[in-house]
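# No sequence on hand, only this structure:
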Ligand SMILES: Nc1nc2c([nH]c(=O)n2[C@H]2C[C@H](O)[C@@H](COP(=O)(O)OP(=O)(O)OP(=O)(O)O)O2)c(=O)[nH]1
């Protein structure tokens, strides 16, 4: 079973709302709401991968010091096993805007259950609810 390393981020605004983004049509798990992030490439540090993905997907600049580890997901999908560290970030520069046409939403952690998420993400929700 292939192990896939993906770094993801819970961006939190001043009202403790978390950002989720909708996976676009045509991608695996299209329509589901996820935390921004993406695959860690060979030779890349997870934090660097996340900073790169946040710039590409949302147009923001994040410093490594502003990424705090919260928890991780470990989930067996049919095609691969996902290992996904989830960082929390409350400070960035720039304005969050979907750069790839994806829908984005700021939601209270207690409301995350209203948004269908990938199976790997479901155990992460209580950690966010406890955090805020
Ligand atoms: N970014 C992110 N990915 C997640 C979450 N939950 C979850 O199961 N995943 C999975 C979906 C994908 O299989 C993988 C992330 O890969 P990705 O978004 O960089 O790449 P992708 O599948 O869209 O494909 P591609 O960019 O290589 O074309 O992790 C999540 O909350 N955020």
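Sure, I can see it. This structure is a prediction, so every number in the text was calculated from the model and none was measured.
# mind listing the helices for the protein?
46-58, 125-131 (DSSP state H).
# Those into JSON lines, with extra columns for distance to residue 101 and mean neighbour count?
From N, CA and C alone the C-beta is placed, and that goes for glycine too. Shown next, in JSON lines, are these (distance: least, CB to CB, whole Å; neighbours: other CB atoms under 10 Å):
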{"stretch": "helix 46-58", "distance to residue 101": "11", "mean neighbour count": "19"}
{"stretch": "helix 125-131", "distance to residue 101": "26", "mean neighbour count": "15"}
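# for the ligand, what are the nearby residues on this protein?
Residues of the chain lying near the ligand by CB under 6 Å from any ligand atom: 6, 8, 27-29, 34-35, 37-39, 82, 118, 120-121.
# can you give me the strands for the chain?
With DSSP state E as the criterion, the chain has strands at 3-11, 18-22, 33-34, 37-39, 68-76, 81-89, 104-107.
# could I get those as CSV with mean pLDDT and mean neighbour count?
Output for these, formatted as CSV (pLDDT from 0 to 100; neighbours: other CB atoms under 10 Å):
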stretch, mean pLDDT, mean neighbour count
strand 3-11, 98, 21
strand 18-22, 98, 21
strand 33-34, 98, 21
strand 37-39, 98, 17
strand 68-76, 98, 15
strand 81-89, 98, 20
strand 104-107, 98, 15
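# All set now, cheers.
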